[in-house]
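1. Sequence first, predicted model second:
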Amino acid sequence: MPPCVVRTHRKLGGDFIKFTASAGLLSAGDKAHWPNYTVEEMKVIVAEAHDCDMKVAAHAHATEGIRRALEAGVDTIEHGSFLDDACIQIMLDQGTFLGAHTLNLGYGDLYGGAQRARTDGSKR
């Protein structure tokens, strides 16, 4: 997401930015453990949004996507299915919120997604 996209959303009346830090558990053709942006790219998104007084939410199931989004300074992590203790501590230290509205997924959906979202891509 280039900085101009953040500015365009603001000019069109947007009051927050949400981007995908990692793929979804049920995303066809994606592996959920794949991060979508580097930390540096995320920092640009966050800086542009914060400069415009906009909050930033990161869609992130996988641990690496969550870690990168936190390092970039997002305001909320959406989903956070594979939060680890280190990420939880960072969230507490930074005051980052968790939008964990995925808790209503069925066991089969979560288990199937978990097979695709392991941080190392394995199917253990």
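-> Ah, there it is. Residues are numbered from 1 along each chain as shown.
2. Could you report the separation of the closest residue in space to Asp84 that isn't next to it in sequence from Arg7?
-> Take Asp84 and drop its neighbours on the chain: the residue closest to it by C-beta to C-beta, 6 or more residues apart in numbering is Thr63, 5.4 Å away. Glycine gets a C-beta too; all of them are placed from N, C-alpha and C. Thr63 sits at a distance of 31 Å from Arg7 (criterion: C-beta to C-beta, to the nearest Å).
3. how close does the residue nearest to Cys87 when sequence neighbours are not counted get to His33?
-> Excluding the flanking residues, the one nearest Cys87 by C-beta to C-beta, 6+ apart is Ile66, at 5.0 Å. Noted for Ile66: a distance of 11 Å to His33, by C-beta to C-beta.
4. Tell me which of these two has more neighbours.
-> Ile66 (31 against 20; other C-beta atoms under 10 Å).
5. more crowded one of Thr63 and Arg7?
-> More neighbours surround Thr63 than the other of Thr63 and Arg7, with 22 against 15 (other C-beta under 10 Å).
6. Check whether that one really touches Ser81, as I assumed.
-> No. Between Thr63 and Ser81 there is no contact under C-beta atoms under 8 Å: 9.1 Å.
7. Could you list the buried residues of the helix or strand Ile66 falls within?
-> Assessed by DSSP states H and E, Ile66 sits inside helix 63-72. Using 16 or more other C-beta atoms under 10 Å as the test for burial, helix 63-72 gives 63-70, 72.
8. before we move on, what about stretch 90-99?
-> Applying a neighbour-count criterion of 16+ other C-beta under 10 Å, one finds 90-91, 96 buried in stretch 90-99.
9. ok, now stretch 25-33?
-> Across stretch 25-33, burial judged by 16+ other C-beta under 10 Å covers 25, 32-33.
10. could you measure the nearest residue to Arg10 once chain neighbours are set aside against Thr20, distance?
-> Spatial nearest neighbour of Arg10, excluding adjacent residues (C-beta to C-beta, 6+ apart): Cys52 at 4.5 Å. In this view, Cys52 and Thr20 are 20 Å apart by C-beta to C-beta.
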